[in-house]
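J.: Here is a sequence with its predicted model. Questions after.
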Amino acid sequence: MTRIVLVHGIAQQVKGPETLLSDWYPALNDGVALAGRSGLDRSEVSMAFYGDLFRFAGHRGLGESELDAFDVQEGLERNLLLQWWTSAAEQEARVAGPGNATRLRTPLLVQRALDALSHSAFFSGLSERAMIGSARQVRRYFTEPEVRAAVQERLARIITRDTEVVVAHSLGTVVAYEALCAHPNWPDLTLITLGSPLAVRNLVFERLTPPPVGGFARWPAPVKRWINIADAGDVVALAKELAPSFGDRIRDVLVHNGAKAHDVRPYLTARETGTVVADVLRDGNSEVS
């Protein structure tokens, strides 16, 4: 019985649903415990996994080729990297800002962005290929209809009449939002978004399906409650509040995740997240205390 469905974000292509659950389930249980509630039964939780859709097929030779600044595509890939750079520089003193670098030609500008992001907490330890690959997954989701449909289908196959809560992180919040809009007959449920980029203008918001009208997005019909949780230093959740773009029925909540502001685990261990989950499963009251 799947009462809680989890939806992951980017850069999970070499993992699997059980691998991710080994991180997510204990962390969510910790959040519920911090909220003073009893633990969750493992059988009640499922992961909507789609990372393998971005995994390169094995073939003879050297495997996946390295990526560098010259491989970054104009448009969404480039703009995502530059926006992450700008946001990281605003949040972290050790990350040098763009300054006059925006006048450089694209490969040089992107290389500067990659160099700067390598010193950020969010991208610390990641290779250039991994950073570019993260931006590429976002671009592919929005520009390749077959990928978008396949990703959403992974969520659709797990939602059942018993589902009461969807907890989505990062790009997973986009997946969850669009899938919920596409299935108005799904059972009423609570949506919890963590580190969401949904309201980021010029990169994500305008690319949503269904498209926003007059600067406002459609409310997903199955969602009876929506709690959005963000860390003030999260460079992916550039717009911390979703209510101005998705409706004042959303409750926006700020938490502090420490150095790894966008990491899903501190989001899940937060008392605020645990309180929402526990209250919904207990009696349908999702107010954060």
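T.: Received, thanks.

J.: What residues sit buried inside stretch 231-249?
T.: 231, 233-240, 242, 245-246 (16 or more other CB atoms under 10 Å). (Glycine included, C-beta is placed from N, CA and C.)

J.: Now the spatially most central residue of the chain: closest residue in space that isn't a chain neighbour?
T.: Compute the mean C-alpha point of the chain, and by CA atoms, centre = their mean the closest residue is Ser170, 0.8 Å away. The shortest distance from Ser170 to any non-neighbouring residue, by CB to CB, 6 or more residues apart in numbering, is to Gly9 (2.7 Å).

J.: What of Thr2?
T.: Nearest residue to Thr2 in three dimensions, chain neighbours excluded: Ser46, at 4.3 Å (CB to CB, 6+ apart).

J.: What strands line up against the top strand by length along the chain, and which way round?
T.: Criterion DSSP state E: the longest strand present in the chain is strand 223-231. Here strand 223-231 is paired, per DSSP bridges, with strand 189-194 (parallel), strand 251-255 (parallel).

J.: Can you list the helices and strands that the longest helix seen in the chain packs against?
T.: Determined from DSSP state H, the single longest helix within the chain is helix 17-34. Under the contact definition 3 or more CB pairs under 8 Å, 6 or more residues apart in numbering; DSSP states H and E, helix 17-34 sits against strand 4-7, strand 45-48, helix 264-269, helix 271-283.

J.: Save the ones you listed as TSV, and put in mean neighbour count and distance to Ile227 too.
T.: Below are the helices and strands packed on helix 17-34 laid out as TSV (neighbours: other CB atoms under 10 Å; distance: least, CB to CB, whole Å):
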stretch	mean neighbour count	distance to Ile227
strand 4-7	26	14
strand 45-48	22	18
helix 264-269	23	12
helix 271-283	21	5
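
J.: Same list (those) but as a markdown table, adding distance to Pro222 and mean pLDDT.
T.: Shown next, in a markdown table, are those (distance: least, CB to CB, whole Å; pLDDT from 0 to 100):
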| stretch | distance to Pro222 | mean pLDDT |
| --- | --- | --- |
| strand 4-7 | 12 | 96 |
| strand 45-48 | 15 | 96 |
| helix 264-269 | 22 | 95 |
| helix 271-283 | 14 | 87 |
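
J.: so which of those comes closest to Val255?
T.: When the helices and strands packed on helix 17-34 are compared by CB to CB, helix 271-283 sits nearest Val255, at 5.5 Å.

J.: Give me the contact list for that closest one.
T.: Contact partners of helix 271-283, identified using CB atoms under 8 Å, 6 or more residues apart in numbering, comprise 3-4, 28, 30-35, 37-38, 40, 44, 164-165, 167, 190, 192, 194, 225, 227, 229, 253, 255, 267-268, 285-289.
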